[in-house]
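1. turn this into a structure:
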Amino acid sequence: MAHSGGRGKDAQVKLRRAEITDAGFLFRCANEPDMIKARVIEKAIEWTEHLRWLSKVLVDEDVHLFIAEVDGEKIGEIRFDCDGDTADVGLVVRAEHRGHGYGTQMIETGISRVPKETYTAKIKSDNVASARCFTRAGFKQVSETEWERL
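-> Okay, the predicted model is just below:
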């Protein structure tokens, strides 16, 4: 999929709540080779396992799952797993949309929609792009794989 000419830092990321109809898109996001490599357990997710997970997430009041769109096109997803005043943040920007600052916009927009005192993220040490994205969104590295924003 090609980029539109006017996209990039000027393009605005919009977040909307994920729905069951997003299952296919979320499944493709989760099983991109880079996403598999970024997980602690580096294995693809099965479709039935994905549907079971998504069905639970969509009704869990402590999980906020958003689809990120630019100009009406789905570019990724971001999830906030909340526990009291803390939210653990995880995101995926589809490969063809990386390098435009969308991840940072997704984090900042998501934080405005899910206000908490503390945000955390787990980033593998070799995931330089995610580290850069979270740093730009105000996160600080607190251990080898743990990041935090107060």
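2. can you show me the strands along the chain?
-> 14-17, 63-70, 73-83, 86-93, 118-122, 140-141, 146-149 (DSSP state E).
3. low-confidence ranges in the chain?
-> 1-10, 40-41 (pLDDT under 70).
4. name the nearest residue to the residue nearest in space to the middle of it, ignoring sequence neighbours.
-> Centroid check for the chain by Cα atoms, centre = their mean gives residue 91 as the closest residue, at 1.3 Å. Counting by Cβ to Cβ, 6 or more residues apart in numbering, residue 78 is the residue found nearest to residue 91 once chain neighbours are left out, at 4.1 Å. Backbone N, C-alpha and C define where each C-beta goes, glycine included.
5. swap in residue 50?
-> Spatially, and ignoring its direct neighbours in sequence, residue 50 is nearest to residue 27 (4.9 Å; Cβ to Cβ, 6+ apart).
6. do residue 119 as well
-> The nearest residue in space to residue 119 (Cβ to Cβ, 6+ apart) is residue 149, at 4.4 Å.
7. what does residue 76 give?
-> residue 93 (4.1 Å).
8. all the helices of this protein, residue numbers only.
-> Here the chain has its helices, by DSSP state H, at 23-30, 33-38, 47-57, 102-113, 128-136.
9. what's next to the fourth one, contact-wise?
-> Outside of helix 102-113, the residues within contact range by Cβ atoms under 8 Å, 6 or more residues apart in numbering are 11-15, 64, 66, 68, 70, 75-76, 78, 80, 89, 91, 93, 119, 129-130, 133-134, 136-137, 149.
10. from residue 63, how far out is residue 112?
-> For residue 112, the distance to residue 63 (Cβ to Cβ, to the nearest Å) stands at 18 Å.
11. what about the two, which has more around it?
-> Per other Cβ atoms under 10 Å, whichever of residue 112 and residue 63 has more neighbours is residue 63, with 17 against 9.
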